[in-house]
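K.L.:
using only what follows, build the 3D model:
(2 chains)
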2 protein chains.
Amino acid sequence: MGGDHAPQVVIAGADMARSRHADLRFLLFGDETAIASLVASRPGLKDRADIVHTPEKVEADAKPSQVLRHGRKSSMGLAIEAVKEGQADAVVSAGNTGGLMALAKFVLKTLPGIERPAIGSLMPTKRRETVFLDLGANAECDAENLVQFAVMGEVFARAVLGIKKPTVGLLNIGTEDLKGNETIRQAAAALKDASLPIEFRGFVEGTDLTSGTTDVVVTDGFTGNVALKVAEGTAGLYTHVLRQAFKSSFLSKLGYIMARGALNATRQHLDPRRYNGAMFLGLNGVVVKSHGGTDALGFANAINVAVDLVQQGTNERITAELNTLEDDVIQGLRARAS
Amino acid sequence: MGGDHAPQVVIAGADMARSRHADLRFLLFGDETAIASLVASRPGLKDRADIVHTPEKVEADAKPSQVLRHGRKSSMGLAIEAVKEGQADAVVSAGNTGGLMALAKFVLKTLPGIERPAIGSLMPTKRRETVFLDLGANAECDAENLVQFAVMGEVFARAVLGIKKPTVGLLNIGTEDLKGNETIRQAAAALKDASLPIEFRGFVEGTDLTSGTTDVVVTDGFTGNVALKVAEGTAGLYTHVLRQAFKSSFLSKLGYIMARGALNATRQHLDPRRYNGAMFLGLNGVVVKSHGGTDALGFANAINVAVDLVQQGTNERITAELNTLEDDVIQGLRARAS
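P.N.:
Residues are numbered from 1 along each chain as shown, chains lettered A, B, ... in the order given. The predicted structure is shown next:
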C-alpha cells in the first residue's frame, strides 16, 4: 500500500518481476478488494500470489516514532513480520522510508555486531555501477559506524554486482590524509588496518562517485542523502535544459527526431528506475525500499535486488565478515578512541 | 602563477575581462619574463596591466600551514597584500584553494562579527542561478557559522545576481523540522527569528539545489564540497553517456550533426566556466578563487565576479547586515546553546 501509486504499481511490478524469476512467489499485504481486482487481470501472477488483507496502512508523512507505536498491524508492519516468521524471504516496500526502517529495526533486529543499519543503493558511473551508502538512515555517524558500513557495502557489491574483490572508498572533500573531520580520519585509519579483508582505497571525492573510482563509496547518512539527491537533481536539470534546447528551432526539432534513438539510450542508461531498490543493510532480514514515485519497471527492479540479496546470502556473508571485524578492527578503533 | 595552465590562461582571461570593463586595471604577480612576453602580444591589455615580479610561487599541493609559513612573499601572498594595502580592489587566483584561504584570512582578516569565511559560488538551476555556500572552507560548522553563511549568501545574491529579496534555504535531508542534526535545527530556529531581514524558507533538499527552490542554499563546507563535486560529476557522466550514444550508429551520428546547435546550447547553459569564480565571503577584502583547470573564458568570468563584488560594495553590505545579526540573532542563539 506504500508509494505514490499503490497498489497498482506494486502489483504491476510484481508481475514483471515474476516473469523474470520462475520460482518467485508473493505475499501481498494490503486492501484485499483493491489488490484482488488488480491481480485477477494478471493470470501469471494470480497463481503465485497470496493476498493478506490488512485494513491499516502507514501514511507517507507519518513520523518513525508514530509508525513504531501504531504501525505494527499495518500492511508494512505485517509484511516485515512475515520475514521474521520465515513466511517470506524478503520484504519490498515503496512506503514511508523512516517508518520502514524503524519497524524493520524493531521487528527484525540488527545483525550481530551492527549498531545501526544503513541504506545502500547502486549508482550509475562512467565505469560500472557503484554501491553507495548510507543514503539517509543515520544523519550522524561515528567512525565505527562508517567502518561497519564499509564492510556491509563491500559484501553488497560482491553479492549484487558479482565483483570478486570490490574496492572501497570513503567520501571526503579531498584525498589527502588530513582532509575532512576527525570521524572520517579515524574511520580511514581503521580501514587501512591490514588485517581487514577489504580493498580500501582511502578517501574519494564527489566526482569519484560518478567516475566509478571505487566499487563502494561510504559516507554518513546526511552527506549520502544530499549527494544522492544532488545527483538526481543534476541529471534532471541536464534533461530539462536539453529538452528546452531541442525545442528552440525547427532544425533542432529535426535533429531531435534523428537523434532520438541515442537520446533514449542515454535516458535508459541513466534511468533512475534501473537503480531503484535501496537495501537496508545490517538487518537480520532482507528489506528493500523502492522509490515512492517509481513505476512498475522500477518496482520490479527493487524486487530483483531483493531476490539477488536472498539468493546470494548477503546477510550471512555480512555477519561472517563482521565477526572478523569485531575482533580486530573495532577493538583497535575503540582502543584508539578511548 | 596558480592553476593548471598559468600564466597563459590568467593573461588571456584578463585580456577578455578587460574588453568587458573599460576601467579595469591589473596588477599581475608572478614571473616577469613569462608574463611580459604573454602581455606584449596583447596591446589592449598591455596599457592596463602592471607586472610585479615575484620569483616565489605557491605549489598546488602545498598544505595551508606550509603556505602560511612560507608563502607570504609568493605571487599569491603579494597579490593579497596588494588588496590589504589598497593597491588593488580585489584578488583573483586559480591557485591552491586552502593556501589562498589561509593567506587571505591571515593578511586581510575576517569582517567584524564573522568567525569563519565561507566559499560561495553560483550554481545553474532550472529557474535562475542559486548562490551555494560553504563549498569547502569549513569541514565542520556550528549553528552560528551557518547563520552567518546565510547572511553572507543573501547579500552575495543581492550584489551579484541583483535579486531584491533573495530567498534562503538550509540544506537538509528532509524538509520537516525534525530532520537532520542538532546543529542545523538550531541554525534553522535562529534564521526563523522574525527580526532577521532574510526571506528564510527553512530546510531544502539536494534536489532543490538544481530546481532553484531558493536563491541561496546554505550548508557546511563538507556537505557543500561533496554536493558541488557530485553535481560536476553527474553533469560529466551525462555528457559522457550522451557522447557514447551519439557514436553508436550512423543514424545517431547524423542526428548529432542536426542537433549540434541544441547540444552546444545545452553545454553552454551548463558550462562550468560560466559559473567559475568562487568568492571567499566574510573576509575584509574581495578574494575570488578560479577553478584551477579552467580556460581563459572561465578565468575572465572569475574576474567578472570580483568586479561585481567590488562595484556592489558586497563586503560593506555584509558588515552592515552582520551588525543587526550580532545584536539580535547570535545573542539568542548563544543563549539557547548555553
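
K.L.:
what about the strands in chain A?
P.N.:
Assigned by DSSP state E, chain A shows strands spanning A:26-30, A:49-53, A:90-93, A:118-123, A:130-133, A:167-171, A:199-204, A:216-218, A:278-281, A:286-289.

K.L.:
return the most buried member of the ones you listed.
P.N.:
Of all the strands of chain A, strand A:216-218 has the most neighbours on average by mean count of other CB atoms under 10 Å in any protein chain shown, namely a mean of 31. Backbone N, C-alpha and C define where each C-beta goes, glycine included.

K.L.:
what's that one packed up against?
P.N.:
strand A:130-133, helix A:143-156, strand A:167-171 (3 or more CB pairs under 8 Å, 6 or more residues apart in numbering or on different chains; DSSP states H and E).

K.L.:
partners of that strand in the sheet?
P.N.:
Here strand A:216-218 is paired, per DSSP bridges, with strand A:130-133 (parallel), strand A:167-171 (parallel).

K.L.:
residue ranges for the helices of the stretch 101-250 of chain A, please.
P.N.:
For the stretch 101-250 of chain A, the helices defined by DSSP state H, counting those that start in this stretch occupy A:143-156, A:182-192, A:206-211, A:221-246, A:250-270.

K.L.:
quick revisit: so which of the helices and strands packed on strand A:216-218 gets nearest A:Asp220?
P.N.:
Nearest of the helices and strands packed on strand A:216-218 to A:Asp220, taken as CB to CB: helix A:143-156 at 7.0 Å.

K.L.:
export only the CA atoms of that closest one, formatted as PDB.
P.N.:
What follows is helix A:143-156 as a C-alpha-only set of coordinates in PDB (Å, rounded to 0.1, in the frame of the first residue of the first chain):
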ATOM      1  CA  ALA A 143      34.000   6.100  12.900                       C
ATOM      2  CA  GLU A 144      32.800   2.700  14.000                       C
ATOM      3  CA  ASN A 145      29.500   3.100  12.000                       C
ATOM      4  CA  LEU A 146      31.500   4.100   8.900                       C
ATOM      5  CA  VAL A 147      33.700   1.100   9.200                       C
ATOM      6  CA  GLN A 148      30.700  -1.200   9.500                       C
ATOM      7  CA  PHE A 149      29.100   0.500   6.500                       C
ATOM      8  CA  ALA A 150      32.300  -0.200   4.500                       C
ATOM      9  CA  VAL A 151      32.100  -3.900   5.400                       C
ATOM     10  CA  MET A 152      28.400  -4.100   4.600                       C
ATOM     11  CA  GLY A 153      28.900  -2.200   1.300                       C
ATOM     12  CA  GLU A 154      31.700  -4.400   0.200                       C
ATOM     13  CA  VAL A 155      29.700  -7.600   0.800                       C
ATOM     14  CA  PHE A 156      26.700  -6.000  -1.000                       C
END
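
K.L.:
now the angle from it to helix A:182-192?
P.N.:
Interaxial angle of helix A:143-156 relative to helix A:182-192 (axes from the mean of the first three to the mean of the last three CA atoms, to 10 degrees): 50 degrees.

K.L.:
counting by contacts, list what helix A:143-156 packs against.
P.N.:
strand A:118-123, strand A:130-133, strand A:167-171, helix A:182-192, strand A:216-218, strand A:278-281, helix A:314-325, helix A:331-337.

K.L.:
for the fourth one, list every residue counted as buried.
P.N.:
This points to helix A:182-192. Within helix A:182-192, the residues that qualify as buried are A:Thr183, A:Ile184, A:Arg185, A:Gln186, A:Ala187, A:Ala188, A:Ala189, A:Ala190, A:Leu191, counting by 16 or more other CB atoms under 10 Å in any protein chain shown.

K.L.:
and the first one, what is it in contact with?
P.N.:
In this case it means A:Thr183. The contact partners of A:Thr183, by CB atoms under 8 Å, 6 or more residues apart in numbering or on different chains, come to A:Cys141, A:Asp142, A:Ala143, A:Leu146, A:Asp220.

K.L.:
residues near the third one, how many?
P.N.:
The number of residues packed around A:Ala143, counting by other CB atoms under 10 Å in any protein chain shown, is 22.

K.L.:
and A:Lys57, backbone torsions?
P.N.:
A:Lys57 has phi and psi values of phi -140, psi 160 when expressed as degrees, to the nearest 10.

K.L.:
next, format the buried residues of helix A:182-192 as JSON lines and append pLDDT and distance to B:Leu283.
P.N.:
Formatted as JSON lines, these follow (pLDDT from 0 to 100; distance: CB to CB, whole Å):
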{"residue": "A:Thr183", "pLDDT": "95", "distance to B:Leu283": "28"}
{"residue": "A:Ile184", "pLDDT": "95", "distance to B:Leu283": "27"}
{"residue": "A:Arg185", "pLDDT": "95", "distance to B:Leu283": "27"}
{"residue": "A:Gln186", "pLDDT": "94", "distance to B:Leu283": "32"}
{"residue": "A:Ala187", "pLDDT": "95", "distance to B:Leu283": "33"}
{"residue": "A:Ala188", "pLDDT": "95", "distance to B:Leu283": "31"}
{"residue": "A:Ala189", "pLDDT": "92", "distance to B:Leu283": "34"}
{"residue": "A:Ala190", "pLDDT": "90", "distance to B:Leu283": "37"}
{"residue": "A:Leu191", "pLDDT": "91", "distance to B:Leu283": "37"}
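
K.L.:
dump those residues into a markdown table; add distance to A:Arg128 as well.
P.N.:
Below are the buried residues of helix A:182-192 laid out as a markdown table (distance: CB to CB, whole Å):
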| residue | distance to A:Arg128 |
| --- | --- |
| A:Thr183 | 29 |
| A:Ile184 | 25 |
| A:Arg185 | 29 |
| A:Gln186 | 30 |
| A:Ala187 | 25 |
| A:Ala188 | 24 |
| A:Ala189 | 28 |
| A:Ala190 | 27 |
| A:Leu191 | 22 |
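
K.L.:
tell me where the model's unsure across chain A.
P.N.:
Along chain A, segments meeting pLDDT under 70 span A:194, A:325-338.

K.L.:
domain map for it?
P.N.:
In terms of domains, chain A is parsed into A:1-108, A:115-281+A:293-338 (source: automatic domain parsing).

K.L.:
would you format those domains as CSV with distance to B:Ser74 included?
P.N.:
Listed next are those as CSV, based on distance: least, CB to CB, whole Å:
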stretch, distance to B:Ser74
domain A:1-108, 50
domain A:115-281+A:293-338, 20
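
K.L.:
could you check which residue of the stretch 51-200 of chain A lies nearest chain B?
P.N.:
Closest residue of the stretch 51-200 of chain A to chain B, CB to the nearest CB: A:Ile173 (4.0 Å).

K.L.:
tell me which parts of the stretch 1-150 of chain A are close to chain B?
P.N.:
Neighbours of chain B within the stretch 1-150 of chain A, by CB under 8 Å from any CB of the partner chain: A:Lys63, A:Pro124, A:Thr125, A:Lys126, A:Gly136, A:Ala139, A:Glu140.

K.L.:
show the buried residues in these.
P.N.:
A:Pro124, A:Thr125, A:Gly136, A:Ala139.

K.L.:
contacting residues around the nearest residue to the third one once chain neighbours are set aside?
P.N.:
Counting by CB to CB, 6 or more residues apart in numbering or on different chains, A:Asn225 is the residue found nearest to A:Gly136 once chain neighbours are left out, at 3.6 Å. Each residue near A:Asn225 by CB under 8 Å, 6+ apart is listed here: A:Leu135, A:Gly136, B:Ile173, B:Glu205, B:Gly206.

K.L.:
can I get the residues you listed in a markdown table including distance to A:Asn304?
P.N.:
Output for those, formatted as a markdown table (distance: CB to CB, whole Å):
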| residue | distance to A:Asn304 |
| --- | --- |
| A:Leu135 | 18 |
| A:Gly136 | 22 |
| B:Ile173 | 26 |
| B:Glu205 | 27 |
| B:Gly206 | 26 |
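
K.L.:
closest to B:Asn284 out of these?
P.N.:
B:Gly206 (33.0 Å).

K.L.:
hmm, A:Ala227 and the closest one touching each other?
P.N.:
Yes - counting by CB atoms under 8 Å, A:Ala227 is a contact partner of B:Gly206 at 7.1 Å.
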